[in-house]
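In: got a structure for you, letters missing:
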């Protein structure tokens, strides 16, 4: 028979440290800005569309050169899927779709995949850029008022 008694409430606290905010990837909602890199091998039309889309997503901020080959393989599956649908292949299309969804999950492109990888999408305002061009100069208020006195 065990003689283990419950601890008093003062000692019954959690020993875990607060890990809030640690290991979280804060990604801007507007996504990655700029041109997508060139795919490592030629893609069909659907693959090129997917390639452009994935490199404009917020998750693309975390992608580095090591992601180029697997992402290009995933993009080529878009072409294979469209081809399987076009031929009416009832067995190949669902298998490809299941594999594509698993890869999307692994890349964090699905809500569940993003949550597993601790991705948080933030909508922070961007810093305003200075206006350039002929109308970029600003007239000080004193100079404006001087013209009104005459």
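Out: Sure, I can see it. The structure presented is a predicted model; accordingly, all values stated were derived computationally and were not measured. Numbering: from 1, shown residues only.
In: now the element after the longest helix along the chain, going C-ward?
Out: Counting by DSSP state H, the longest helix found in the chain is helix 68-87. Following helix 68-87 in sequence order, the next helix or strand is helix 92-106 (DSSP states H and E).
In: what does that next one rub up against?
Out: Outside of helix 92-106, the residues within contact range by C-beta atoms under 8 Å, 6 or more residues apart in numbering are 70, 74, 77-78, 80-81, 84-85, 110, 112-113, 116. Glycine gets a C-beta too; all of them are placed from N, C-alpha and C.
In: can you redo those residues as CSV with pLDDT, distance to residue 99 and neighbour count?
Out: Converted to CSV, the contacts of helix 92-106 look like this (pLDDT from 0 to 100; distance: C-beta to C-beta, whole Å; neighbours: other C-beta atoms under 10 Å):
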residue, pLDDT, distance to residue 99, neighbour count
70, 95, 12, 13
74, 95, 9, 21
77, 95, 7, 19
78, 94, 12, 21
80, 93, 10, 17
81, 93, 9, 22
84, 89, 12, 19
85, 88, 15, 13
110, 93, 14, 15
112, 93, 16, 10
113, 92, 14, 18
116, 92, 18, 12
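In: from the residues you listed, which is closest to residue 44?
Out: Comparing the contacts of helix 92-106 against residue 44 with C-beta to C-beta picks out residue 78 as the nearest, at 7.7 Å.
In: I figured that closest one was touching residue 50, is that so?
Out: Yes. The criterion here is C-beta atoms under 8 Å, and residue 78 meets it with residue 50 at 4.5 Å.
In: what segments of the protein are helices?
Out: 45-55, 68-87, 92-106, 111-116, 141-149.
In: to residue 3, which of those helices lies closest?
Out: Evaluated over the helices of the chain, closeness to residue 3 peaks at helix 111-116, with 42.5 Å, by C-beta to C-beta.
In: does anything pack onto the closest one? Which helices or strands?
Out: Using 3 or more C-beta pairs under 8 Å, 6 or more residues apart in numbering; DSSP states H and E as the contact test, the elements touching helix 111-116 are helix 92-106.
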